[in-house]
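> here is my input, please return the structure:
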Amino acid sequence: MARPSEYSEEVAAEICERMIEGKGLLQICKDEDMPARGTVYRWLDGRPSFRDRYARAREAQMDYFAELIREIAFDESGDIVLQQVGNKTTAVANHAKVQRDRLKVDSLKWIASKLFGRQYGDKPTPAVEDNPKQLTVRWEVQRVITGVPRAEDDIAKPSEPARPQLTFQPTPLPADLSPEAWAAIARVSELIEQIAPSDETPEHVFGLIEGFLRSHFVAPSAQLADLAETAGN
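Have a look, this model is predicted:
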C-alpha cells in the first residue's frame with residue numbers, strides 16, 4: 001500500500017489525533033498508512049487550516065506530557081526490589097529504575113519547555129496576538145509665558161476669564177548665606193586642605209567645583225531664555 005501523498009482531511013485529522021495521544025510525528029509517519037514526514041511538512045506549508053489544527057494538537061500533546069510526568073513521578077512500583085543473599089532476603093532500592101524514571105521526566109520537561117514554553121517554560125510568557133496593539137507614550141514639555149483661552153469653545157465667551165497657567169518662577173538667590181551654610185563651607189574647606197595635594201589650594205578646588213556647576217546649569221537656563229524670547233515674539 002503506497003503512502004498517501006495528496007492532502008486528505010481524514011489523514012490530517014488522524015495525524016492530529018495521534019499527536020494528542022502523545023505520539024510524535026516521527027513515530028506517526030513510521031506507519032505504512034501515514035504519509036512521509038516531508039509530505040506532512042509540505043501540507044503544513046500550503047494548508048493554513050491544517051497548520052492551525054496541527055499547532056493546537058501540539059499544544060494538547062504538551063498537556064499529555066505534563067500528565068505523563070505526574071504519572072511517572074508518582075509511580076512507586078518497582079522502586080524497591082528484593083535481593084537474595086545466601087539465606088537472607090533484603091529489600092533494596094532499585095536505583096536503575098529511579099534513574100530511568102528521572103531521565104523520562106527530564107526529557108518530557110525539556111520537550112514541553114521548548115515546544116510550548118509559553119506555558120511550560122521556566123519563565124512562562126503571555127500569549128502574543130497575531131496583530132498586537134502598540135501603545136506609544138510621548139511627553140511634550142512646554143513653558144507657558146502667558147495665559148491662553150481654555151479651549152476652542154471658550155473663545156466665543158470673552159467674558160469668562162482664561163484658566164490660570166503654570167509659569168516658571170525661580171526663587172531669587174539669597175543676599176548672603178546663612179551661618180549654617182558658611183559653617184558647611186568651612187568644613188568642606190578644611191576637608192579639602194586635608195585630602196588635596198600640597199600644591200592645590202582650597203580656592204583652586206572651589207573654582208573647579210564652580211566651573212562644574214556652571215557647566216551643568218548654564219545650558220538649561222539658556223534654553224529657558226530662548227523659549228521666553230520665542231514666546232515674546
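> domain assignment for this protein?
Structural domains annotated on the chain: 9-120, 152-169+176-232, as defined by automatic domain parsing.
> just put these in a markdown table and tack on mean pLDDT.
A markdown table is the format used below for the domains of the chain (pLDDT from 0 to 100):
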| stretch | mean pLDDT |
| --- | --- |
| domain 9-120 | 88 |
| domain 152-169+176-232 | 65 |
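> now those domains in a markdown table, with mean neighbour count?
Yep, even glycine has a C-beta here, placed from its N, CA and C like the rest. Shown next, in a markdown table, are the domains of the chain (neighbours: other CB atoms under 10 Å):
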| stretch | mean neighbour count |
| --- | --- |
| domain 9-120 | 14 |
| domain 152-169+176-232 | 10 |
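> put together JSON lines for those domains, with distance to residue 2 on each row.
Below are those laid out as JSON lines (distance: least, CB to CB, whole Å):
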{"stretch": "domain 9-120", "distance to residue 2": "9"}
{"stretch": "domain 152-169+176-232", "distance to residue 2": "76"}
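> now stretch 109-125 - C-alpha only, PDB.
The C-alpha trace of stretch 109-125 is given here as PDB (Å, rounded to 0.1, in the frame of the first residue of the first chain):
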ATOM      1  CA  LYS A 109      10.000  18.500  30.700                       C
ATOM      2  CA  TRP A 110      12.600  19.700  28.200                       C
ATOM      3  CA  ILE A 111      10.400  18.900  25.200                       C
ATOM      4  CA  ALA A 112       7.400  20.700  26.800                       C
ATOM      5  CA  SER A 113       9.500  23.800  27.700                       C
ATOM      6  CA  LYS A 114      11.000  24.100  24.200                       C
ATOM      7  CA  LEU A 115       7.900  23.400  22.100                       C
ATOM      8  CA  PHE A 116       5.400  25.100  24.400                       C
ATOM      9  CA  GLY A 117       7.500  27.500  26.500                       C
ATOM     10  CA  ARG A 118       4.600  30.000  26.800                       C
ATOM     11  CA  GLN A 119       3.000  27.600  29.400                       C
ATOM     12  CA  TYR A 120       5.700  25.100  30.400                       C
ATOM     13  CA  GLY A 121       8.900  27.100  30.100                       C
ATOM     14  CA  ASP A 122      11.000  28.200  33.100                       C
ATOM     15  CA  LYS A 123       9.600  31.700  32.600                       C
ATOM     16  CA  PRO A 124       6.100  31.400  31.000                       C
ATOM     17  CA  THR A 125       5.300  34.400  28.800                       C
END
